[in-house]
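Asks: Could you work out the structure for the sequence below:
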Amino acid sequence: MHDVLDLRDLVADELAQRRETGHDVAALEPVVAAAVRAGDAARLEEVLERLEALAPDPAWQYEEPTASGEIRACLGAAPAAAPAPAQLGDRLHAAWLGRCAGCLLGKPVEGWPREAIRNGLARAGIAAVEDYLPPLEGLPLHRSWEESTRGRIAGMARDDDIDYTILGLHVLETHGRGYTSRDVADEWLDHLPFTQVYTAERAAYRNLVGGLQPPETAIRRNPYREWIGAQIRADVFGYVSPGDPRGAAALAYPDAALSHVANGIYGELWAAALIAASFTAASMPAALGAALAEIPPRSRLAEALRDVAAAHAAGATWEQARDGIEARLGHYGFVHTINNAAVVAAALLWGEGDFTRTIALAVTGGWDTDCNGATAGSAFGAMHGTDALPGHWTEPLQDRVRSAIAGFDGASIAALAGRTARLAAR
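Replies: Okay, the predicted model is just below:
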């Protein structure tokens, strides 16, 4: 499923990507279906080339540039960066802990639609999520359930959401704030196993091994270029830019451009800006507003986030808001940037300053549950600090994280936060 080494998946997923970006694919839909069924490599190559050659619809209503300068040209003036809070070290520690806890909560039901999560919880007699999920025996939990369900947790289980936060920290420590997409590429090749990356990142990794350079690595045979992979890599760039969402977004761009385009990039810029703003904003709506200002206003992601904010301002309930997200964005795949970012934003708004409620909404909202729980937990921690994180979420983490990043497996979460604080202080 979504295998970048399988031409059948590449063709089917490129068809979806072209459809979502306003291309007229009607004539090619039966051709794609027939080619995928047949499985002939030469035929699939021909169909993929036809998809790649499609011209965009001139009536497409969105403006979604990929180049850094073109993105900046869409934005308004940025307010001056606010000073970092006096409790920055504690807030950073809370952001790391919140990211781990939210991710861990979502791991057992990763990829589940919200209705399946609701039914599974009801079957287990859980009216509201107030702790890590129990094993939920008899249900098709993610293979990580043995180390991510209540009573079985002994530290933060290995997850790509946390791997990328760690690797981003390593990139900044090694190459500084002037790092390039090529620097990130080299660190991936040196520190990150190919088998532990997925969709857009796996396509970019394959392209790197084949000799391509960024930004071509994001484009070549990569139908996942607007999926959530870049968004989950954003947090560390916000951590080291407390109070400076524009700076955080700019810092995140070279990382995103290695594997993504357009809304895929915007997801990382938005999440980095959100985290940065959360350190100093007066409220979560204010932090979300600051983050929204860092992505092109005529993009599909900006439209989706505005819709969430409008529903909250109008007094909608969580269920009404989540139903609206489903109606507007449910056609995207479960790991697309746009629909998942909307769930994160909604969880932060309807979470109402309560950590348990925030990450529970992010996870029970469905789709990419571990990613959404991680981003929501990270922003919450950055805003509220460790005192706002209940011990039953943080204590099972045991200040330890498993990681596929070479040299970081078993690292102390507090030590990672301390290293991050030193970068932020510079």
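Asks: Would you confirm that residue 222 contacts residue 205?
Replies: No - at 10.5 Å, residue 222 does not count as touching residue 205 under the criterion of Cβ atoms under 8 Å. All C-beta atoms are positioned from the backbone trio N, CA, C, and that covers glycine.
Asks: Tell me which of the two has more neighbours.
Replies: Just comparing residue 222 and residue 205: by other Cβ atoms under 10 Å the higher neighbour count belongs to residue 222, 28 against 23.
Asks: For the helix or strand containing residue 291, give me every contacting residue.
Replies: Taking DSSP states H and E as the criterion, residue 291 maps to helix 284-292. Helix 284-292 is contacted from outside by 245, 270-271, 273-274, 277-278, 281, 302, 305-306, 309, 312, 345, 348-349, 351, 353, 379, 383, using Cβ atoms under 8 Å, 6 or more residues apart in numbering.
Asks: roughly how far apart are residue 178 and residue 306?
Replies: Look at residue 178 and residue 306: by Cβ to Cβ, to the nearest Å, they are 33 Å apart.
Asks: and these two? which has more neighbours close in?
Replies: Taking neighbours as other Cβ under 10 Å, residue 178 and residue 306 compare with residue 306 leading, 14 against 8.
Asks: Tell me how far the closest residue to the more buried one other than its chain neighbours lies from residue 8.
Replies: Among residues not flanking residue 306 along the chain, residue 292 sits closest, at 7.1 Å (Cβ to Cβ, 6 or more residues apart in numbering). According to Cβ to Cβ, residue 292 stands 38 Å off from residue 8.
Asks: got it, and residue 15?
Replies: Plainly put, residue 15 is 11 Å away from residue 8 if you go by Cβ to Cβ.
Asks: Show me which of the two is the more surrounded one.
Replies: Neighbours per residue (other Cβ under 10 Å) separate residue 15 from residue 8, with residue 15 holding more: 23 against 17.
Asks: pLDDT wise, what is the more buried one at?
Replies: Model confidence at residue 15, given as pLDDT, is 98.
Asks: quick one: which helix or strand includes it?
Replies: Taking DSSP H and E as the criterion, residue 15 maps to helix 7-20.
Asks: ok, then the element right after that helix?
Replies: Per DSSP H and E, the first helix or strand lying C-terminal to helix 7-20 is helix 29-38.
Asks: mean confidence for that next one?
Replies: In this model, helix 29-38 has an average pLDDT of 97.
Asks: got it, and stretch 158-168?
Replies: The pLDDT scores in stretch 158-168 average 97.
Asks: what comes into contact with that stretch?
Replies: 96, 99-100, 103-104, 107, 144, 156, 187-188, 191-192, 196-198, 201, 232-233, 235-237, 255, 370-371, 374, 401-405, 408-409, 411, 416.
Asks: cool, stretch 205-225 as well?
Replies: Contact with stretch 205-225 is made by 2, 4-5, 10, 13-14, 16-17, 48, 66, 180-182, 185, 188-189, 192, 194, 197, 199-200, 203-204, 257-262, 264, 335, as judged by Cβ under 8 Å, 6+ apart.
Asks: re earlier: could you export the helix holding residue 15 as PDB, CA atoms only?
Replies: Taking C-alpha atoms only, helix 7-20 is exported to PDB below (Å, rounded to 0.1, in the frame of the first residue of the first chain):
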ATOM      1  CA  LEU A   7       4.500   1.100 -10.100                       C
ATOM      2  CA  ARG A   8       0.900   0.100  -9.500                       C
ATOM      3  CA  ASP A   9       0.800   2.200  -6.300                       C
ATOM      4  CA  LEU A  10       2.700   5.100  -7.900                       C
ATOM      5  CA  VAL A  11       0.200   5.300 -10.800                       C
ATOM      6  CA  ALA A  12      -2.900   5.000  -8.600                       C
ATOM      7  CA  ASP A  13      -1.600   7.600  -6.200                       C
ATOM      8  CA  GLU A  14      -0.500  10.000  -8.800                       C
ATOM      9  CA  LEU A  15      -4.000   9.900 -10.300                       C
ATOM     10  CA  ALA A  16      -5.300  10.900  -6.900                       C
ATOM     11  CA  GLN A  17      -2.700  13.700  -6.500                       C
ATOM     12  CA  ARG A  18      -3.500  15.100  -9.900                       C
ATOM     13  CA  ARG A  19      -7.300  15.000  -9.200                       C
ATOM     14  CA  GLU A  20      -6.800  16.800  -5.900                       C
END
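Asks: And the contacts of that helix?
Replies: 1-4, 25, 28-29, 32, 35-36, 39, 41, 44-45, 47-48, 51-52, 54, 221, 223-226, 331-333.
Asks: Likewise for stretch 40-48?
Replies: Outside stretch 40-48, the residues within contact range by Cβ under 8 Å, 6+ apart are 7, 8, 10, 11, 14, 28, 31, 32, 35, 36, 221.
Asks: if we go to 7 Å?
Replies: 7, 8, 10, 11, 14, 31, 32, 35 (Cβ atoms under 7 Å, 6 or more residues apart in numbering).
Asks: quick revisit: kindly give a single PyMOL line that selects the buried subset of the contacts of stretch 205-225.
Replies: The buried residues among the contacts of stretch 205-225 can be selected in PyMOL (16 or more other Cβ atoms under 10 Å) with this line:
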select buried, resi 2+4+10+13+14+16+17+48+66+181+185+188+192+197+199+200+203+204+257+258+259+260+261+262+264+335
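Asks: that older thread, how far does the helix holding residue 15 sit from its chain's centre?
Replies: Helix 7-20 sits 21 Å away from the centroid of its parent chain (Cα atoms, centre = their mean, to the nearest Å).
Asks: Repeat that for stretch 385-394.
Replies: Centre-to-centre, stretch 385-394 and its host chain are 23 Å apart (Cα atoms, centre = their mean).
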